[in-house]
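1. Kindly generate the corresponding structure for this input.
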Amino acid sequence: MNSSVKISVIVPAYNAGKYFNNCIKSIVDQTYKNLEIIIVDDGSTDGTSDSCDAWAQKDSRIKVIHKENGGAASARNTGLDNATGDYIGFIDADDYIDSDMYEIMLGEIIEYEADAARCGIIREADDGTTEDWGTGNYDVRVVNNKSLLADIGEAEGILPVSPCNKLFKTSCIGDIRFDTKYKFAEDTLFNFMVAKNIKTMVYHDVNRYHYISNVTSITHKDINENNFDEHRVMDVIFSIADEDTLPHCVKGDVLKSFRTIRQMILADKYMERFKPMRKRIVSHRKEIFNNPIYSKKTCQRTLLLWLCPEGYKFAIKHLRKG
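-> Model prediction:
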């Protein structure tokens with residue numbers, strides 16, 4: 001492999017606490033050495049800032065940028081603005097990666113003449129339990145632009161839309177940045193926009209990225225206003241998707257809408273939005289009933305939600321179905 005190829009690894013860091021050193025060590029110890037490690041300290045107040053500077057003293061590949069708190073999207077954008085590598089990777093400061101992750105992904109990109117690569121993700125909880133977020137398909141697959149956009153548009157889980165389990169050719173990102181007005185699902189929009197510039201991506205879903213689940217993670221919080229950003233993002237994607245990709249994006253939003261409605265009902269919050277969220281689904285009922293990309297279960301849920309919304313609420317709240 002040509003070691004002159006440089007990878008810029010962008011790490012947004014905000015109060016990463018006990019996880020931070022393990023994260024940075026996993027990057028520093030990569031078997032592929034030609035790295036530019038950009039740590040963006042997003043206004044940390046817990047000592048993470050000092051840890052950033054300490055790491056920069058230890059390794060000349062590390063560049064630290066201190067900024068006022070603006071959120072992960074803002075920090076990633078700062079990293080992108082300062083990156084000089086041929087390829088871009090993202091790591092969250094409380095996660096870590098296998099020692100050969102970037103060597104393997106870069107090797108696959110070069111071997112298959114692709115623009116990007118992705119690996120699998122495994123969730124690790126503080127109590128020691130793990131959850132495989134990969135596909136279970138560990139074969140190497142090369143997907144074209146059409147399939148890639150469909151996967152991102154249709155995605156209900158994290159694997160297709162996280163930037164952290166991927167390596168992108170810098171030219172495919174160009175001047176695309178994370179939209180800071182969204183607090184949730186901005187990853188989805190970023191990935192979709194970048195994917196429009198990707199001809200082929202290598203999928204090799206072996207779990208090499210370790211997502212550390214802790215109590216402050218957004219995935220462990222009750223439903224809040226930020227959850228609805230997911231649907232605002234999908235509205236933007238609808239406006240830029242081509243006619244081949246759009247049906248998959250609609251399916252993705254339908255599945256996300258069912259999930260949001262379930263959260264609303266179980267938490268008994270935001271129920272004033274039940275009607276517009278229901279409309280997001282039932283307005284597509286003809287397509288749902290006739291397009292084979294939808295499962296039988298999705299068709300059944302749509303039928304109940306359309307014809308008997310109160311019955312749907314009862315099934316969710318009391319039978320925990322749907």
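2. How far off centre is the helix or strand where Val9 lies?
-> Val9 is part of strand 7-13 when elements are defined by DSSP states H and E. On the basis of Cα atoms, centre = their mean, to the nearest Å, the separation between the geometric centre of strand 7-13 and that of its chain is 15 Å.
3. That strand packs against which elements?
-> Counting contacts by 3 or more Cβ pairs under 8 Å, 6 or more residues apart in numbering; DSSP states H and E, strand 7-13 packs against helix 20-28, strand 35-42, helix 72-82, strand 87-90, helix 101-111. Yep, even glycine has a C-beta here, placed from its N, CA and C like the rest.
4. what pLDDT, on average, does the strand ranked longest in the chain get?
-> Scanning the chain for the strand with the most residues, using DSSP state E, yields strand 200-213. For strand 200-213, the mean per-residue pLDDT is 95.
5. Strand partners (parallel or antiparallel) of it?
-> Strand 200-213 pairs in its sheet with strand 96-97 (antiparallel), strand 116-125 (parallel), strand 141-144 (antiparallel), by DSSP bridges.
6. So in that sheet, which strands flank the strand holding Val9, and in what orientation?
-> Taking DSSP bridges as the criterion, strand 7-13 forms sheet pairs with strand 35-42 (parallel), strand 87-90 (parallel).
7. now the angle between helix 101-111 and that strand, please.
-> For strand 7-13 and helix 101-111, the angle between their directions (axes from the mean of the first three to the mean of the last three Cα atoms, to 10 degrees) works out to 140 degrees.
8. Poorly predicted segments of the stretch 101-250 of the chain, please.
-> Judged by pLDDT under 70, the stretch 101-250 of the chain has its weakly predicted residues at 214-221.
9. quick one on the thing from earlier: would a markdown table of the helices and strands packed on strand 7-13 with mean neighbour count be doable?
-> What follows is those, written out as a markdown table (neighbours: other Cβ atoms under 10 Å):
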| stretch | mean neighbour count |
| --- | --- |
| helix 20-28 | 19 |
| strand 35-42 | 25 |
| helix 72-82 | 20 |
| strand 87-90 | 26 |
| helix 101-111 | 20 |
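10. okay, these in CSV with distance to Val143 next?
-> Listed next are the helices and strands packed on strand 7-13 as CSV, based on distance: least, Cβ to Cβ, whole Å:
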stretch, distance to Val143
helix 20-28, 27
strand 35-42, 26
helix 72-82, 24
strand 87-90, 18
helix 101-111, 12
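11. who wins for proximity to Ile152 among the ones you listed?
-> Relative to Ile152, the nearest member of the helices and strands packed on strand 7-13 by Cβ to Cβ is strand 87-90, separated by 15.6 Å.
12. Would you format the strands paired with strand 7-13 as TSV with distance to Asp127 and mean pLDDT included?
-> Output for the strands paired with strand 7-13, formatted as TSV (distance: least, Cβ to Cβ, whole Å; pLDDT from 0 to 100):
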stretch	distance to Asp127	mean pLDDT
strand 35-42	28	98
strand 87-90	26	98
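13. what's the spacing between Asp95 and Asp115?
-> 24 Å (Cβ to Cβ, to the nearest Å).
14. And Asp29, by the same measure?
-> Asp29 is 27 Å from Asp115, by Cβ to Cβ.
15. so what's the closest residue in space to Cys164 that isn't next to it in sequence bridging to?
-> Take Cys164 and drop its neighbours on the chain: the residue closest to it by Cβ to Cβ, 6 or more residues apart in numbering is Phe90, 5.0 Å away. According to DSSP bridges, the partner residues bridging Phe90 are Ile10.
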